[in-house]
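Participant: fold the following for me, if possible:
(one chain, ligands or ions: 1)
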Amino acid sequence: MSDPNPVTRHCGQCGHPFQAVPFVYGGHVLAVPRYCETCIAGNERAEALERERQEAQRLALAWERICPPLYRDTDPSRLECSPGPRETILSWQFGPKGLLAHGPARLGKTRLVYLLLSRLHHLERRKIIALTANAFSHRVSVLFGAGGGRGEAFIDSLTEVPVLFIDDIGKGRLTDRVESEFFHVIETRTAHLRPTLLTTNLNGEALRLMWSADRAEPLLGRFQEFFQTVAVVGQSTGEAI
Ligand SMILES: [Zn+2]
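Facilitator: Residues are numbered from 1 along each chain as shown. Have a look, this model is predicted:
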């Protein structure tokens, strides 16, 4: 079957004349294109650009929910942390092994983890929940107190999210409920090979003392087996890990 003969039309968008090849089926003309190829290509490009713009906007808004304003603009080279641990944190790759960054306050542990999360969010498009250990404790107390399954739903969201960051663990006193929910979250996530990122100012021994005896050992065992541990040290202290 030979192609139908083109007819001259004026483009419905730019008005320029163009050769329109009718759509023919069973010998009948079903339709004649209304727009020239230049306009069609331009519209597709404009739609693609619009989709990209909307996606970028969606990512930006989602990032604002993940990352507190204080941590959004960080120049990693200006942090007090020495380069070795800094690179270890920034180059962490998504996988079953989590990350436990420990070391003194004010070396930029939290900022480094948010820089890492920025890559996981913007470039790798992974779903993330980030919160402080204080916020975790607070929400566990409030939501389980409120009842109606809200506490359970909160904990489920933390066990299921692909990437969970809990900042500054081992601070403040833990109620039995908070400790048991924290244990459950770590236990469940490691069992399902989902990585968790943690920071703390404490070392292993201090963490052990934080928790009740029956939970401390299993938790530290999980950390050893399922977490890459990074000792964040200052520039002058060298690069010991
Ligand atoms: Zn046109």
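
Participant: and the contacts of the longest strand seen in the chain?
Facilitator: Secondary structure assigned by DSSP state E gives strand 163-169 as the longest strand of the chain. Contacts to strand 163-169, defined as Cβ atoms under 8 Å, 6 or more residues apart in numbering, come from residues 94, 110, 113, 117, 120, 126-134, 136, 158, 182, 185, 189, 194-202, 207. Where you see a C-beta, it was placed from the backbone N, CA and C, and this is true even at glycine.

Participant: find me the pLDDT at the nearest residue in space to residue 225 that is not next to it in sequence, would you?
Facilitator: Leaving out its chain neighbours, the residue that sits closest to residue 225 by Cβ to Cβ, 6 or more residues apart in numbering is residue 190, at 7.7 Å. If you check residue 190, the pLDDT there is 96.

Participant: can you pull out the strands in this structure?
Facilitator: 7-10, 17-20, 23-25, 28-31, 98-102, 128-132, 163-169, 196-200, 227-231.

Participant: just checking, what packs against the first one?
Facilitator: On a contact count with 3 or more Cβ pairs under 8 Å, 6 or more residues apart in numbering; DSSP states H and E, strand 7-10 meets strand 17-20.

Participant: in contact with the residue sitting furthest away from the middle of the chain, which residues?
Facilitator: No residue in the chain sits farther from the centre than residue 27, which is 55.9 Å out by Cα atoms, centre = their mean. By Cβ under 8 Å, 6+ apart, residue 27 lies in contact with nothing.

Participant: go through the longest helix seen in the chain and flag the buried ones.
Facilitator: In the chain, ranked by residue count with DSSP state H as the criterion, the top helix is helix 37-66. Within helix 37-66, the residues scored as buried using 16 or more other Cβ atoms under 10 Å are 39, 63, 66.

Participant: the last one: what's it in contact with?
Facilitator: Yep, that's residue 66 we're talking about. 117, 121, 128-130.

Participant: give the bridge partners for the residue nearest in space to the middle of the chain, please.
Facilitator: Per Cα atoms, centre = their mean, the C-alpha nearest to the average position across the chain is that of residue 128, at 3.5 Å. Assessed by DSSP bridges, residue 128 has beta-bridge partners residue 163.

Participant: from what I can see it touches residue 162, true?
Facilitator: Yes - assessed by Cβ atoms under 8 Å, residue 128 is found in contact with residue 162 at 7.4 Å.

Participant: mind listing the shared neighbours of the two?
Facilitator: What both residue 128 and residue 162 touch, as defined by Cβ under 8 Å, 6+ apart, is an empty set.

Participant: how is this structure carved up into domains?
Facilitator: For the chain, automatic domain parsing gives the domain ranges 7-65, 67-237.

Participant: most packed of those?
Facilitator: domain 67-237 (a mean of 17; mean count of other Cβ atoms under 10 Å).
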